[in-house]
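Asks: what follows is a predicted protein model with its sequence.
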Amino acid sequence: MRQLYRPFVIVVILLGLFIGCGPSPTPQTEVNKTVVHRFNEALNNGNFDLFDELLTRDFIRHSQATSDVQVKSREDYKRFNQQFVKTFPDSRITIHFLVAEGDKVAAYATLTGTQTGPMGSYPASGKKMESKFLSIFRLEEGKIAELWVEWDNLAILMQLGYFPPPAKDEE
């Protein structure tokens, strides 16, 4: 009977070792995640002065979704967000989860807001939108140095009533 249990016990021990061998959070990755949470709170509260302690001076934002917007400094990012708040004054970001490894923190989150101001060439629609998005933050010495952020522009445009484009009246 003992011989039947021996392979089972060995398999259980090996599984336990393999499952337990994944990367453990380090104190630094936990600190980095805290910085990202503080950054999100600053965005949600419109406290852009807090960016002085959360972002490096030469902070860079990358986004294919807004490839025409260039953010190459902390001050550029402050201006970008001040404009965003004029467009979506009730905007709110909810982080669903963060994953950290080394100097990077990835976030899966939802942005909600009502478009009461112009968005590029689109006039205010007065409509609400909700969009899931992904971000990756790179930190340096406790500050965010780079941000990559991507979302589904088409889904947002549809919610705001801009897509499909309205049919043109025939004359």
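Replies: Yes, it's here. Residues are numbered from 1 along each chain as shown.
Asks: what's the offset of stretch 139-155 from the middle of its chain?
Replies: 6 Å (C-alpha atoms, centre = their mean, to the nearest Å).
Asks: do the same with stretch 108-115
Replies: 10 Å.
Asks: next one: stretch 35-51
Replies: Between the centre of stretch 35-51 and the centre of its host chain there is 12 Å, according to C-alpha atoms, centre = their mean.
Asks: same question, stretch 96-111
Replies: Using C-alpha atoms, centre = their mean, the offset of stretch 96-111 from its chain centre is 7 Å.
Asks: wait, a helix at Asn44?
Replies: Yes. Under DSSP: H, G, I helix; E, B strand; the rest coil, Asn44 sits within a helix.
Asks: relative to Gln64, how far out is Leu50?
Replies: Distance of Leu50 to Gln64, computed by C-beta to C-beta, to the nearest Å: 27 Å. Placement of C-beta: from N, CA and C, glycine included.
Asks: and the two? which has more neighbours close in?
Replies: Neighbour count, other C-beta atoms under 10 Å: between Leu50 and Gln64, Leu50 has more, with 15 against 10.
Asks: confidence score at that one?
Replies: On pLDDT, Leu50 comes in at 98.
Asks: again, but for the one 5 residues further on
Replies: The predicted local distance difference test score for Leu55 is 98.
Asks: so it makes contact with Arg74?
Replies: Yes. With contact defined as C-beta atoms under 8 Å, Leu55 counts as touching Arg74 (4.5 Å).
Asks: between those two, point out the one with more neighbours.
Replies: For Leu55 versus Arg74, neighbours defined as other C-beta under 10 Å are more numerous around Leu55 (26 against 19).
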